[in-house]
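[1] got a predicted structure here, sequence first:
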Amino acid sequence: MRKIKLALAVIIGATLLSSCNNAQTQAGNDDEQFLRNRVTQQEDGSITLSVRRAECYRDEKDPSTNTAEWNVVISKSGRFDVWLSSATTDTADLGYKNKVLLNINDNVLEVQPAVNKIVKNAFEVAPPYSRVDSFLGAMYIQDTGRYLVQIISDKILSEDVREDAVNEKTRLLSVTLTPTTR
């Protein structure tokens, strides 16, 4: 009986050690993934999140759930104005069917983008497109550190789709967070 208990203790111990080792390996892989795909805050405190650099998820059946994600390192916390940049062929009507949802650590903005600024000669777009910026609102980020940032919109087109998206009237280009000054 004693030998059975000892054998069971050895098996349980070995299982725990190997599972902890796998957890450490997974955490190491997550860290590598985060470091490889991270966006860092600029010296002036602003953060620019380009869809081209995002991890994109596309749902052909329900494009309103298309998602772009970024790993962001915030070194200066505070209040930020949030701007969305779109490429569009119609500066009067962006054509977003649904609200755009921005999620930073469960801090959520959900807004129907409107035309607030038309940026002429923007380097990100070529004719017949123009860049239009939409103010989404303000967001307070209390702590510094790592964040997963998500934006959900039917106008997020992954790289493989952008090539075929010549007929798309509007597509989401980027999200910019700029520090609010008083």
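    Looks like it came in fine.

[2] what bridges to the residue most central in space within the chain?
    Taking C-alpha atoms, centre = their mean as the criterion, residue 69 is the residue nearest the geometric centre of the chain, at 2.8 Å. Applying DSSP bridges to residue 69 yields these beta-bridge partners: residue 55, residue 150.

[3] isn't it up against residue 49?
    No. Taking C-beta atoms under 8 Å as the definition, residue 69 is not a contact partner of residue 49, at 9.4 Å. For every residue, glycine as well, the C-beta is placed using N, CA and C.

[4] phi, psi for residue 67 please.
    Its backbone dihedrals place residue 67 at phi -130, psi 140, with angles given as degrees, to the nearest 10.

[5] burial count for it?
    18 (other C-beta atoms under 10 Å).

[6] please apply the same query to residue 112.
    12.

[7] which pLDDT value goes with the closest residue to it other than its chain neighbours?
    What sits nearest to residue 112 in space, not counting adjacent residues and going by C-beta to C-beta, 6 or more residues apart in numbering, is residue 99, at 5.0 Å. Reported pLDDT at residue 99 in the predicted model: 97.

[8] could you pull out the strands for the protein?
    Remark: strands of the chain, listed N- to C-terminal, are 38-40, 47-50, 55-57, 67-74, 78-88, 100-104, 107-111, 117-119, 130-141, 145-152, 170-179; assignment by DSSP state E.

[9] my guess is residue 105 meets residue 145, correct?
    No. Between residue 105 and residue 145 there is no contact, the gap being 9.2 Å when judged by C-beta under 8 Å.
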